[in-house]
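Novice: just the structure for this:
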Amino acid sequence: MKKTFILILCALALAAWLLYIWLNTPNSAQKATHIATVCNVIKQNHDFSNETELLKQVQFTFGNSTPSYALHPQKFYSAYAGKIAGQYFKLSAAEKTQAQHNFEKCKRLLSQ
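Specialist: Next up is the predicted model:
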């Protein structure tokens with residue numbers, strides 16, 4: 001009886017953890033939207049000195065790009081956007097310049 005209860009409790013905890021991971025992980029379309037948003041922000045403003053500034057602007061842009069009357073506004077995945085912002089700051093100076101001036105190149109660089 002006690003073993004069964006512990007097994008059920010463990011199974012429920014595992015299910016809750018998997019549900020949490022699933023709800024907080026963007027799918028491929030959502031990833032593409034986040035990458036595109038980061039690239040748009042980078043293209044409009046080249047003067048970000050750190051990831052936090054870039055992430056703050058990306059979140060602002062993402063939040064204001066969906067009309068308030070939308071039936072299904074997109075969810076912003078802050079952790080994923082932070083990862084993309086971090087990737088941008090790991091690029092070389094030449095790659096950053098390419099990303100700032102070429103949207104498609106930016107998407108390719110940040111999708112890796």
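Novice: buried stuff in stretch 86-97?
Specialist: 87-88, 91, 96 (16 or more other C-beta atoms under 10 Å). Glycine gets a C-beta too; all of them are placed from N, C-alpha and C.
Novice: which one among the residues you listed gets closest to residue 59?
Specialist: residue 88 (14.7 Å; C-beta to C-beta).
Novice: ok, now which ones touch the closest one?
Specialist: 38, 42, 51, 54, 96, 99, 109-110 (C-beta atoms under 8 Å, 6 or more residues apart in numbering).
Novice: at 7 Å what do you get?
Specialist: Residue 88 is in contact with 38, 42, 54, 99, 110, counting by C-beta atoms under 7 Å, 6 or more residues apart in numbering.
Novice: for the second one, which three-state class applies?
Specialist: In this case it means residue 42. Using DSSP: H, G, I helix; E, B strand; the rest coil, the structure places residue 42 in helix.
Novice: what does the model give it for pLDDT?
Specialist: Listed pLDDT for residue 42 reads 94.
Novice: what does the third one give?
Specialist: As predicted, residue 54 sits at a pLDDT of 94.
Novice: so for the helix or strand hosting it, what gets flagged as buried?
Specialist: Element membership for residue 54, per DSSP states H and E: helix 51-64. The neighbour-count check on helix 51-64 (16+ other C-beta under 10 Å) flags 51, 54-55, 57-59, 62 as buried.
Novice: coming back round to it: JSON lines for the buried residues of stretch 86-97, including pLDDT, distance to residue 5 and secondary structure?
Specialist: As requested, those are arranged in JSON lines below (pLDDT from 0 to 100; distance: C-beta to C-beta, whole Å; DSSP: H, G, I helix; E, B strand; the rest coil):
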{"residue": "87", "pLDDT": "94", "distance to residue 5": "45", "secondary structure": "helix"}
{"residue": "88", "pLDDT": "95", "distance to residue 5": "49", "secondary structure": "helix"}
{"residue": "91", "pLDDT": "93", "distance to residue 5": "52", "secondary structure": "coil"}
{"residue": "96", "pLDDT": "93", "distance to residue 5": "56", "secondary structure": "helix"}
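Novice: angles on the backbone of residue 70, please.
Specialist: Per-residue torsions, residue 70: phi -60, psi 140 (degrees, to the nearest 10).
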